[in-house]
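1. Task: produce atomic coordinates for the following.
(one chain, ligands or ions: 1)
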Amino acid sequence: MTWENALGKLIADTIEDLHSIMVHFPIALLVLLAALTAYVVLRPGSGMLQTTWLLLVVGTIGAVAATVSGVVSHFPYEETDLHGVIETHQWWSIAATALFVAATIWRSISRRRGSDCGGSVSFLVVVAVGTGLLAMSGLTGGDLVFDHGINVRGVNPLLGQ
Ligand code: HEM
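-> Next up, the predicted model:
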């Protein structure tokens, strides 16, 4: 394979795999957000409040990017029998993303008013519910790949036929 072909394949594969690449950001950042928010609620003076704001904003941007890339990657299956299982994953994911977008708007307004709600029990409850939805999104997304082989290119020689 020439280097031009190798580069072309790398770019094509990266575009095709964009959703699998993107999903790690919201999962890692928003789960860490939930743990740190619980810590901030238990220890209000810990100095972690600003870190949780950063995690919320970057994690939510990651969730929106994962949602957009997911919608793009499911298009080839729109008219197939797999559409149903994909839809289950889609709704868990959209619910999680919508909740974190709402939480970001809520917190942004409260910060502008000078009383960051990030250390409140009600914010922790919202983040915990969002993390539950995100867990369902991740579990159902994994099923699409590992149970249904969606968007899998190679075949694992160790698994046989
Ligand atoms: C917060 C948003 C989302 C998260 C966290 C998420 C998470 C995941 C995860 C963890 C996987 C398995 C990836 C792998 O093992 O490589 C996956 C696969 C998949 N997801 Fe999502 N997802 C999201 C949104 C969506 C949306 C809105 C759709 C639209 C239908 C979608 C469609 C798919 C499809 C078709 C796959 C199969 C493999 C692939 O194309 O990567 N996802 N998702």
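2. ok, now how distant is residue 78 from residue 43?
-> Between residue 78 and residue 43 the distance is 48 Å, computed by CB to CB, to the nearest Å. For every residue, glycine as well, the C-beta is placed using N, CA and C.
3. how many other residues sit next to residue 121?
-> The criterion is other CB atoms under 10 Å. On that basis, residue 121 has 10 neighbouring residues.
4. Phi, psi for it please.
-> Summarising the backbone geometry of residue 121 under the convention degrees, to the nearest 10, its torsions are phi -70, psi -40.
5. Surely it touches residue 40?
-> No. The pair residue 121 / residue 40 is not scored as a contact, 10.8 Å apart, by CB atoms under 8 Å.
6. Check which helices and strands the lengthiest helix in the chain sits against.
-> With secondary structure taken from DSSP state H, the chain has its longest helix at helix 83-112. Under the contact criterion of 3 or more CB pairs under 8 Å, 6 or more residues apart in numbering; DSSP states H and E, helix 83-112 touches helix 24-42, helix 49-74, helix 121-146.
7. So which bits of that helix are buried?
-> By neighbour count, and taking 16 or more other CB atoms under 10 Å as the criterion, the buried residues in helix 83-112 are 85-86, 89-90, 92-97, 99-101, 103-104, 107.
8. separation between residue 53 and residue 26?
-> To residue 26, residue 53 is 16 Å away according to CB to CB.
9. Could you measure from residue 2 over to residue 15?
-> Between residue 2 and residue 15 the computed distance is 20 Å (CB to CB).
10. Looking at these two, which has the bigger crowd around it?
-> More crowded of residue 2 and residue 15, by other CB under 10 Å: residue 15, with 12 against 7.
11. so where does that one fall, helix or strand?
-> Assigning secondary structure by DSSP states H and E places residue 15 in helix 3-16.
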